[in-house]
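>>> A predicted structure for the sequence below; I have some questions about it.
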Amino acid sequence: MSERSLSFADVVDQVRSNLGSDTASLLLMDESHTVLEPAASAGLGGQWRGATHVRLGRGFAGRIAESAEPVFLDEITPESVLNPILRDAGVQSLLGVPVQLGGRVLGVLHVGSKTRRTFDDNDRELLEKAAAEIAQRLTGAHGIDEHTAALALQRSLLPAAPPLIEGLDLAVRYLPSDGDLGGDWYDIFTLPGGDVALVMGDVQGHGLRSAVVMGRLRSALRAYALDDRDPATILRRLDRKLTHFENGTLATVALAITRPPFDHVTLSLAGHPAPVVARPGEQPAELETDQHDLMLGVDPEVSRTNVEIPFPEGTALAFYTDGLIDLRPGAKLVAPRAYRMQAVCSRMAADQDAETICARMIAMALGDEELTDDVALMVVRHES
């Protein structure tokens with residue numbers, strides 16, 4: 001398992017085989033050291049990609065990371081295991097250990113059984129040995145190529161932990177394609193006075209340049225939002241910036257701004273898909289709007305418009321990039337976009353928390369398919 005040529009997916013699959021478990025998963029700490037992100041898994045198919053981002057101290061994995069001690073669990077509940085993918089798979093018992101080096105926790109490695117099983121000391125020792133080897137790999141020197149550089153840039157700009165905002169339940173996902181990176185991004189930030197900006201965007205193209213342009217647009221949009229709280233005006237200024245300084249580049253952006261008590265959202269769409277809305281007592285559906293503004297980079301002088309969205313308590317909005325529902329070459333599910341959208345909406349419910357909505361939408365939309373395009377997803381729910 002210690003060979004450098006093995007990917008984390010290979011390592012995790014070997015862990016599952018060595019322990020005779022049904023599942024094995026690796027979660028890694030984000031840069032803020034407050035959230036665990038799914039990094040690799042075996043036994044859950046492609047659905048693990050949407051797995052819950054776990055805050056330190058919460059749930060099974062969060063407890064392990066906070067205590068830096070092994071944890072055995074034989075009672076699976078939504079409170080003890082936050083990840084709905086594990087619960088939906090029928091996992092009954094779990095054993096997890098910290099991935100650590102020199103007293104610093106880097107992540108969590110855990111295995112699961114779909115039948116009741118008491119993991120013994122030998123199981124724990126095998127898992128700890130695998131975790132130690134993973135820690136060595138994480139802290140070892142690696143060559144940097146363009147793909148790695150683009151991924152590092154994107155990860156630095158797309159934190160796994162959205163800000164904690166009283167009254168809003170937030171969750172985000174970013175899944176890079178299996179080939180090359182694109183320019184998908186999300187952003188959530190507060191402004192003076194308590195306004196909250198929600199951004200979802202997609203820069204055309206792939207590779208390091210798209211990631212760099214994405215970073216520039218993200219920074220410019222944040223600056224413009226400090227001076228003006230009107231989404232349409234902000235996007236018009238962003239369009240001028242993109243057209244002048246990044247000539248020939250196109251991008252779609254959804255920008256929403258809301259303010260306490262968060263009873264409505266002002267939204268402007270620059271060629272971007274409308275969000276999915278889940279309201280209490282109603283079937284989730286794509287927001288119906290007459291707004292069809294051009295994407296950025298086509299005509300910087302074009303007029304832009306806003307739409308007001310009622311956002312009462314219990315309502316959830318899901319913003320996404322088109323990789324979530326576009327048909328991928330060789331996909332098992334051959335269906336038009338409308339059908340795929342309906343399938344994704346079916347996994348969203350207003351009474352679910354934002355993390356669960358994210359996990360289940362990703363699982364439904366992507367399944368075990370290869371990712372040929374980046375996917376970004378952001379869910380915001382007005383808490384009751």
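Thanks, I have the structure now.

>>> pLDDT weak spots in the stretch 151-300 of the chain?
Residues of the stretch 151-300 of the chain meeting the criterion pLDDT under 70: 151-157, 178-182.

>>> Quick one: the helices in it, in order.
Assigned by DSSP state H, counting those that start in this stretch, the stretch 151-300 of the chain shows helices spanning 208-227, 231-245.

>>> Name the residues that touch the last one?
Outside helix 231-245, the residues that touch it by CB atoms under 8 Å, 6 or more residues apart in numbering are 213, 216-217, 220-221, 224-225, 228, 249, 251, 253, 255-257, 266-268, 270, 293, 296-297, 299-300, 302-306. Backbone N, C-alpha and C define where each C-beta goes, glycine included.

>>> between that helix and helix 208-227, how big is the angle?
140 degrees (axes from the mean of the first three to the mean of the last three CA atoms, to 10 degrees).

>>> Which positions within helix 231-245 qualify as buried?
231-239, 241-243 (16 or more other CB atoms under 10 Å).

>>> re the thing from before, okay, the helices of the stretch 151-300 of the chain in CSV with distance to V11 next?
Output for these, formatted as CSV (distance: least, CB to CB, whole Å):
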stretch, distance to V11
helix 208-227, 27
helix 231-245, 41
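
>>> Could you identify the most distant pair in the buried residues of helix 231-245?
Within the buried residues of helix 231-245, two members stand farthest from each other by CB to CB: P231 and T243, at 18.4 Å.

>>> what residue ranges in the stretch 1-150 of the chain score low on pLDDT?
Those would be 1-6, 140-150, if you go by pLDDT under 70 across the stretch 1-150 of the chain.

>>> would you list every one of the strands in it?
Listed in chain order, the strands found in the stretch 1-150 of the chain under DSSP state E, counting those that start in this stretch are 23-29, 35-42, 54-55, 71-73, 93-101, 104-113.

>>> So T305 is in contact with D293, correct?
Yes. Using CB atoms under 8 Å, T305 is in contact with D293, at 6.2 Å.

>>> re earlier: right, so of the helices of the stretch 151-300 of the chain, which gets closest to L106?
Of all these, helix 208-227 comes closest under CB to CB, at 24.3 Å.

>>> how about that closest one: buried residues?
208, 210-215, 217-218, 220-221, 224-225.

>>> Which one of the residues you listed is nearest to E79?
R218 (35.2 Å).

>>> which ones are touching the closest one?
So R218 contacts 157, 185, 187, 199, 201 (CB under 8 Å, 6+ apart).

>>> Throw the residues you listed into CSV and include distance to D368 and neighbour count, thanks.
Shown next, in CSV, are these (distance: CB to CB, whole Å; neighbours: other CB atoms under 10 Å):
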residue, distance to D368, neighbour count
L157, 29, 16
W185, 26, 27
D187, 30, 22
V199, 30, 24
G201, 28, 25
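
>>> Of these, which is the nearest to F311?
Distances from F311 to the contacts of R218, taken by CB to CB, are shortest for V199, at 16.5 Å.

>>> quick one: contacts for the closest one?
Counting by CB under 8 Å, 6+ apart, V199 has contacts 185-188, 218, 221, 253-256.

>>> Tell me which entries of these lie within strands.
185-188, 253-256 (DSSP state E).

>>> Let me know the closest of those residues to G46.
Distance to G46, by CB to CB, is smallest for Y186 among the ones in strands among the contacts of V199, at 21.0 Å.

>>> Next one: that closest one from V213, what distance?
To V213, Y186 is 16 Å away according to CB to CB, to the nearest Å.

>>> same question, E355
Distance from E355 to V213, counting by CB to CB: 30 Å.

>>> do L168 as well
For L168, the distance to V213 (CB to CB) stands at 29 Å.

>>> now swap in G248 and tell me
For G248 relative to V213 (CB to CB), the value is 11 Å.

>>> With A359 instead?
For A359, the distance to V213 - CB to CB - is 30 Å.

>>> Can you give me the distance of the closest residue to D322 other than its chain neighbours to A338?
Take D322 and drop its neighbours on the chain: the residue closest to it by CB to CB, 6 or more residues apart in numbering is P273, 6.2 Å away. To A338, P273 is 12 Å away according to CB to CB.

>>> what about the two, which has more around it?
P273 (20 against 10; other CB atoms under 10 Å).

>>> okay, now the domains of this protein?
The chain breaks down into these domains under automatic domain parsing: 8-139, 146-382.

>>> and the last one, how far out from the chain's middle?
For domain 146-382, the gap between its own C-alpha mean and the chain's C-alpha mean amounts to 11 Å (CA atoms, centre = their mean, to the nearest Å).

>>> Just the endpoints, please. Distance across stretch 37-51?
Terminal residues of stretch 37-51 are spaced 8 Å apart (CA to CA, to the nearest Å).

>>> what does stretch 314-325 give?
Stretch 314-325: ends 25 Å apart by CA to CA.

>>> Check which residues of it are buried.
315-325.

>>> cool, and stretch 247-260?
For stretch 247-260, by 16+ other CB under 10 Å, it's 249-259.

>>> now do stretch 94-109
Quick answer for stretch 94-109 (16+ other CB under 10 Å): 94-100, 105-109.

>>> Export these to TSV and append columns for distance to A363.
What follows is the buried residues of stretch 94-109, written out as TSV (distance: CB to CB, whole Å):
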residue	distance to A363
L94	19
L95	24
G96	21
V97	26
P98	26
V99	25
Q100	29
V105	27
L106	26
G107	22
V108	20
L109	22
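
>>> Which pair of those residues spans the longest distance?
Distance extremes for the buried residues of stretch 94-109: the farthest pair is L94 and L106 at 19.4 Å, using CB to CB.
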